[in-house]
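Peer 1: here you go, sequence then predicted model.
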Amino acid sequence: DTYYFAYSYPYTYTELQRYLHSLDKLNLPFYRRELLCRTLQHRRVDVLLIGVDPRGKPQTPNPRRVVFVSARVHPGESPASYVCHGLIAFLLSADPLAQTLLRHVTFVVVPMINPDGVFLGNYRCSLSGLDLNRQWGDSLAWL
């Protein structure tokens, strides 16, 4: 017999892409998925805009508030993907609280910042062996 042990229940890159693809098919007017960038292994890093897109809008006396949410900078923290998935599902639901939030706030969500690390099964680092939480201020010439 073969037994596998995991720190927590996995949430894969493929699972995220399937979920986002299913949301794309709904054609919701207050949801948009954009490509933020591609990773070194050419995987998508998606950014979701949920609510009214605040870009390109003239300034008003009451500017729109924006909440930024990200998950999975560390690939081994799969519970963060379940929280992010639940947040997205809630915001896109018919729940009256979600509808109230979306009238006042735009949510910008990056559900998986380090998809190469997730895909490769790393716990803390990216494809290049770097902890992305410690590298954000320093650019690398070879990138």
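Peer 2: All right, it came through fine. Numbering: from 1, shown residues only.
Peer 1: buried sites along stretch 19-29?
Peer 2: Tyr19, Leu20, Leu23 (16 or more other CB atoms under 10 Å). Just so you know, the C-beta spots here come from the backbone N, C-alpha and C atoms, and that holds for glycine as well.
Peer 1: with stretch 39-48 instead?
Peer 2: Buried positions in stretch 39-48, judged by neighbour count with 16+ other CB under 10 Å: Thr39, Arg43, Arg44, Val45, Asp46, Val47, Leu48.
Peer 1: OK, contacts around Leu28?
Peer 2: Leu92 (CB atoms under 8 Å, 6 or more residues apart in numbering).
Peer 1: got any ranges where the chain has weak pLDDT?
Peer 2: Applying pLDDT under 70 to the chain flags the ranges 54-62, 135-143.
Peer 1: out of the buried residues of stretch 19-29, who's nearest Arg134?
Peer 2: Using CB to CB, Leu20 comes nearest to Arg134 of these, at 27.7 Å.
Peer 1: relative to Val73, how far out is the most centrally placed residue in the chain?
Peer 2: The centroid of the chain falls nearest to Pro111 when counting by CA atoms, centre = their mean (1.3 Å). Distance, Pro111 to Val73, using CB to CB, to the nearest Å: 11 Å.
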